[in-house]
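Asker: Any chance you can model this:
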Amino acid sequence: MRERYQISGPAGSSTIAVNELDLPLLFKVKFLQGVIRPYAFAGPNIGFVLTATQSYSFAGENIPDDDLKSKTSSIDFGIDFGAGAEYNVMPKMGITLDVRYSLGLSNVANPPAGAASQTDKGAGFQILAGVMFHI
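Answerer: Predicted structure coming up:
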């Protein structure tokens, strides 16, 4: 997952980009039998921060990216929950659509020793579509 945060002001702007490998472990409950099957799911999510950079643009001048990897936690814990539906196109294939919310539980900021403490927790809203093959 790639997260981008942009901060703008009268003098310029700053963009923080974090690339993270997320591994959710979701528990799913299906409600009905038939062609359309609604479901709900929830579970923990662990993310591994791969890269973190910050770029600046002030007075029309772009400043090279600053590596923030050392200033972030390498692991991010969270919880995902949501709902969706599966539509069976064929006996062994279905199309899914779900909506989920990810709530960060851990502080991803890791300021250097002596710096002011800071708390940054991730959160995100996602809409996903996919194809399922029943084995």
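
Asker: C-alpha only now, for contacts and for neighbours.
Answerer: OK.

Asker: Pull out the buried residues from the helix or strand that residue 19 is a member of.
Answerer: Secondary structure from DSSP states H and E places residue 19 in strand 12-24. Neighbour-count burial for strand 12-24 flags 13, 14, 16, 17, 18, 19, 20, 22, 24 (criterion: 16 or more other C-alpha atoms under 10 Å).

Asker: packing partners for whichever helix or strand comes after it?
Answerer: Later in the chain than strand 12-24, the nearest helix or strand by DSSP H and E is strand 27-30. For strand 27-30, the packing partners by 3 or more C-alpha pairs under 8 Å, 6 or more residues apart in numbering; DSSP states H and E come out as strand 36-58.

Asker: quick one: the strand it packs on to strand 12-24, angle?
Answerer: For strand 36-58 and strand 12-24, the angle between their directions (axes from the mean of the first three to the mean of the last three C-alpha atoms, to 10 degrees) works out to 150 degrees.

Asker: Within its sheet, name the partner strands of the strand holding residue 19 and how each one runs.
Answerer: strand 2-8 (antiparallel), strand 36-58 (antiparallel) (DSSP bridges).

Asker: Fine by me, thanks again.
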